[in-house]
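# fold the stuff below for me.
(one chain, ligands or ions: 2)
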Amino acid sequence: GSKWSYLGAEGEKMWAKKYPFCGGLFQSPIDFHDDILQYDSTLLPIELEGYNVSSFEQFILTNNGHSVKMSLSPTMNVRSLPNRYSAAQLHLHWGNRNKQEGSEHTIGGRHFAAELHIVHYNSDQYLDMNSAADKSDGLAVLAILIEIGQFNPSYEKIFSHFQNVKYKDQETSISAFNVQELLPDRLDEYYRYEGSLTTPPCYPSVLWTVFRKPVQVSQEQLLALETALYCTQQNDPAPLEMVNNFRRVQEFERMVLVSFRQ
Ligand SMILES: NS(=O)(=O)c1c(F)c(F)c(S(=O)(=O)CCO)c(N[C@H]2CCCc3ccccc32)c1F
Ligand SMILES: [Zn+2]
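Ligands and ions are numbered 1, 2, ... in the order given. Below you'll find the model as predicted:
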């Protein structure tokens, strides 16, 4: 299995030893600050196709020891990108109950509470995620910044199942729903740059779209995310809480395109 973590001897400073790309170029996440932003009027609103799946379909929610991920249907696609990208999975990154600042991307040096990633692969060129994951035009990730505010019934469709995936390798099946409900309402305002997977193997293969507008979940929902899950298996004598599963921002000497004027 993947021998890496966010803490201690296998933490992110050691990733490059086993996963060379993690010490390479085009690494994510990054901080968005004014002097690296460049407005680009050709950046079209993000168009989602096939996201409104039938509730007879099921999504599988899995604790993989690094995050909680949900399988998605490959009939879910993102248009308005250079190629057609089909959905593979979504997962989250978060902090802990004493420091609720676990987003991966930051704006003006500021963390948000958490971050949702919807991972897609270039289905025009590649058969599946695994063959696309290490190609420079292989992946497109939609990133949604999450802050504390109103209770969010759409996020609750995932969060309400955490008790069934508390431990590594546990999974549960949930009724499919329109994942577009998890996105902000402004799909025309986003940051765009070429970067990488934020976990090993850190392939520089991701076209990142980070929406400008955060979504809200309640304090109770965020606490559930920060306290329900473990990186370890149910019978492990040394349980490890799944917290702070975000990579620190990377050095970045390029421009980030934005689809909006300030
Ligand atoms: N932040 S991130 O870069 O978007 C990101 C994660 F943070 C993350 F934890 C995962 S993971 O849950 O699979 C655990 C670590 O691989 C992924 N998986 C991707 C990349 C690896 C290969 C693969 C194969 C099939 C489906 C998804 C994926 C990931 F892309
Ligand atoms: Zn991620």
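# I'd like the average pLDDT over the biggest helix by length in the chain.
Ordering each helix of the chain by length in residues (DSSP state H) puts helix 219-227 first. Across helix 219-227, pLDDT averages out at 98.
# listing partners with orientation, what would you give for whichever helix or strand comes after that helix?
Next along the chain after helix 219-227, taking DSSP states H and E as the criterion, comes strand 256-258. Here strand 256-258 has these sheet partners by DSSP bridges: strand 37-39 (parallel), strand 190-195 (antiparallel).
# distance between the last one and the chain's centre?
Averaged C-alpha coordinates place strand 190-195 at 13 Å from its chain's average position (C-alpha atoms, centre = their mean, to the nearest Å).
# show residues contacting that strand.
26-30, 32, 37, 40, 43, 46, 105, 204, 206-212, 254-260 (C-beta atoms under 8 Å, 6 or more residues apart in numbering). In this view, the C-beta of every residue, glycine as well, is placed from N, C-alpha and C.
# who does the helix or strand following that strand touch, helix- and strand-wise?
Later in the chain than strand 190-195, the nearest helix or strand by DSSP H and E is strand 206-211. If contacts are counted by 3 or more C-beta pairs under 8 Å, 6 or more residues apart in numbering; DSSP states H and E, strand 206-211 sits against strand 139-148, strand 190-195.
# and strand 206-211 with strand 139-148, angle?
30 degrees (axes from the mean of the first three to the mean of the last three C-alpha atoms, to 10 degrees).
# quick check: next helix or strand after strand 206-211?
Counting by DSSP H and E, what follows strand 206-211 is strand 215-217.
# check what contacts that following strand and list those residues.
113-114, 116, 144-152, 155, 159, 182-184, 225.
# related to what we said a few turns ago, show me the one of the helices and strands packed on strand 206-211 that comes nearest ligand 1.
The closest of the helices and strands packed on strand 206-211 to ligand 1 is strand 139-148. By C-beta to the nearest ligand atom, the value is 4.8 Å.
# and the helix or strand just after the closest one, how far out from the chain middle?
Per DSSP H and E, the first helix or strand lying C-terminal to strand 139-148 is helix 153-159. How far helix 153-159 lies from its chain's middle: 16 Å, per C-alpha atoms, centre = their mean.
# what comes up buried for helix 153-159?
154, 155, 157, 158, 159 (16 or more other C-beta atoms under 10 Å).
# tell me what whichever strand or helix holds residue 115 is packed against?
Using DSSP H and E, residue 115 sits in strand 114-122. Strand 114-122 sits against strand 85-94, helix 129-132, strand 139-148, with contacts defined as 3+ C-beta pairs under 8 Å, 6+ apart.
# show residues contacting the second one.
Spelled out, it's helix 129-132. 88, 89, 119, 121, 122, 125, 126, 138, 139, 205.
# mind checking pLDDT for the residue nearest to residue 217 when sequence neighbours are not counted?
Residue nearest to residue 217 in three dimensions, not counting chain neighbours: residue 152, with 4.5 Å by C-beta to C-beta, 6 or more residues apart in numbering. According to the prediction, residue 152 has pLDDT 98.
# ok, now how distant is residue 152 from ligand 1?
According to C-beta to the nearest ligand atom, to the nearest Å, residue 152 stands 21 Å off from ligand 1.
# residue 145 contacts residue 106, doesn't it?
No: using C-beta atoms under 8 Å, residue 145 makes no contact with residue 106, being 9.2 Å away.
# and for those two, which residues touch both?
residue 112.
# low-confidence ranges in this structure?
Confidence mapping of the chain against pLDDT under 70 gives the ranges 1-2.
# near ligand 1, which residues of it?
64, 66-67, 69, 88-89, 91, 117, 119, 129-130, 133, 141, 197-199 (C-beta under 6 Å from any ligand atom).
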